[in-house]
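> with the sequence up front, the predicted model follows.
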Amino acid sequence: MHVRLKELGASHTHEDEKFGVIFPEDHHHHMVHTFYSVRKIPQLQHRLQQQLHNQRHATLIAECSVSDRARLRACKQPGARSLLVKSPCKNRFALTEVELSVAWRMALGLMPCPRQSLPSICVCGAVVHNKPVDHLLTCHKAVGDGLVHSHNLCRDALAWCAARAGYKVTKEPRFGAVFGGLRPDLLLIDNNGKSILVDVSLTVPTSKSVHQRAANTDLGAATKREVEKKRKYNSMALTLGAVFCPFVIERTCGFGKEAINLIVEMAYQAAQFSLHVSAGDPTPLGMIWTRMSHAVHRSNALLVKRVLQHHTEFRLKQVDQLMSGAGGSGSGGGDLFV
């Protein structure tokens with residue numbers, strides 16, 4: 001092959017003169033060098049295919065809506081699919097069929113339950129027939145006390161992990177009226193006496209208030225919530241001589257930067273003092289990550305359940321109003337069944 005290319009290189013100038021094209025003599029030496037250089041590139045076919053996939057991905061992303069781009073970016077964050085693609089190290093952290101179904105449907109942008117089960121008009125009066133989940137997971141009237149229970153699931157999970165990592169844990173510490181009744185979710189004290197105030201928060205990256213930011217920035221929704229929490233609690237932490245950590249998790253299981261830092265710190269303390277989150281676990285870090293991801297998926301399923309419960313109660317109340325209404329005919333009665 002090398003000899004043949006040399007022969008072509010020697011006669012190429014003469015042949016090209018017939019077509020009115022003259023190449024420099026060193027052009028074919030460059031061809032030979034390039035040929036042998038390409039052969040030395042490792043995994044060339046894989047790299048070319050990856051580049052084609054990246055271009056295709058960029059084209060598809062450009063055609064998506066802002067909400068879909070926010071969801072896709074959120075789903076590729078570290079740990080977002082940890083419990084969806086592999087079994088956890090402990091059976092007690094395995095997702096139920098309902099929790100797994102809700103998790104995958106949210107990741108794929110599908111309805112978390114049959115379409116006819118969700119309202120097209122929220123109990124607060126908002127029309128949500130296009131993307132009901134984005135609104136219903138954040139509407140206090142739609143989920144009632146579900147947001148509180150959902151939040152407490154994640155708070156209790158973090159307290160469980162911290163206690164087994166060697167921290168002294170106090171839930172919702174009270175500091176009197178000095179701070180106007182402001183209370184963080186947890187007070188953690190490590191073995192060195194360092195105090196950490198933690199406030200747990202969950203956010204929906206596809207909600208209208210943050211989807212533009214979440215579509216263009218990794219963990220955009222979590223970062224915005226972290227800034228808000230720091231503005232609220234930093235002065236308290238400074239006064240108490242503690243460190244404040246906004247533990248923010250996106251509903252797609254993407255952990256904010258401050259949350260990741262705390263998880264790593266907890267795992268480091270567990271390993272440093274020869275503590276174990278639970279007997280038989282491979283690493284404290286993996287256990288903490290699994291426990292928190294499990295809590296987020298459970299909280300999502302709980303919210304969907306509360307939405308369906310409140311929607312059913314809302315419809316029953318409307319039926320009662322219709323039946324007790326004057327005249328009993330109700331020409332517009334069909335519109336009540338939303």
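Happy to help now that I have it. Quick caveat: nothing in here was measured; it's all calculated off a predicted structure.
> dump whatever helix or strand Val264 lives in to PDB, keeping only the CA atoms.
If you go by DSSP states H and E, Val264 is part of helix 257-272. Extracted in PDB, the C-alpha atoms of helix 257-272 (Å, rounded to 0.1, in the frame of the first residue of the first chain):
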ATOM      1  CA  LYS A 257     -24.300  21.000  44.800                       C
ATOM      2  CA  GLU A 258     -24.700  21.800  48.500                       C
ATOM      3  CA  ALA A 259     -26.600  18.600  49.100                       C
ATOM      4  CA  ILE A 260     -23.800  16.600  47.300                       C
ATOM      5  CA  ASN A 261     -21.200  18.200  49.500                       C
ATOM      6  CA  LEU A 262     -23.000  17.300  52.600                       C
ATOM      7  CA  ILE A 263     -23.500  13.700  51.500                       C
ATOM      8  CA  VAL A 264     -19.800  13.400  50.800                       C
ATOM      9  CA  GLU A 265     -19.000  14.900  54.100                       C
ATOM     10  CA  MET A 266     -21.300  12.400  55.900                       C
ATOM     11  CA  ALA A 267     -19.800   9.500  54.100                       C
ATOM     12  CA  TYR A 268     -16.300  10.700  54.900                       C
ATOM     13  CA  GLN A 269     -17.100  10.900  58.600                       C
ATOM     14  CA  ALA A 270     -18.700   7.400  58.600                       C
ATOM     15  CA  ALA A 271     -15.500   6.000  56.900                       C
ATOM     16  CA  GLN A 272     -13.100   8.000  59.100                       C
END
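> right, and the helix or strand after that helix?
Using DSSP H and E, the helix or strand that follows helix 257-272 in sequence is helix 284-324.
> tell me which stretches of the protein form helices.
Using DSSP state H, the helices of the chain run over residues 2-17, 27-39, 44-63, 66-75, 82-85, 97-108, 132-136, 140-143, 146-164, 211-216, 220-240, 257-272, 284-324.
> now tabulate the ones you listed in CSV and tack on mean pLDDT, mean neighbour count and distance to Arg183.
Every residue, glycine included, has its C-beta placed from N, CA and C. Listed next are these as CSV, based on pLDDT from 0 to 100; neighbours: other C-beta atoms under 10 Å; distance: least, C-beta to C-beta, whole Å:
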stretch, mean pLDDT, mean neighbour count, distance to Arg183
helix 2-17, 45, 12, 77
helix 27-39, 54, 12, 64
helix 44-63, 85, 10, 41
helix 66-75, 86, 21, 29
helix 82-85, 68, 15, 30
helix 97-108, 82, 17, 30
helix 132-136, 66, 23, 28
helix 140-143, 74, 18, 19
helix 146-164, 91, 19, 12
helix 211-216, 88, 20, 28
helix 220-240, 93, 18, 9
helix 257-272, 90, 18, 18
helix 284-324, 76, 19, 20
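> and the angle from the helix holding Val264 to helix 284-324?
130 degrees (axes from the mean of the first three to the mean of the last three C-alpha atoms, to 10 degrees).
> which other residues reach helix 257-272?
Applying C-beta atoms under 8 Å, 6 or more residues apart in numbering, the contact partners of helix 257-272 are 78, 161-162, 164-167, 190-191, 196, 198, 219, 222-223, 226, 245-249, 255, 275-277, 283-285, 288-289, 292.
> ok, His310 - contacts?
For His310, the contacting residues are Val123, Lys141, Ala142, Val143, Gly144, by C-beta under 8 Å, 6+ apart.
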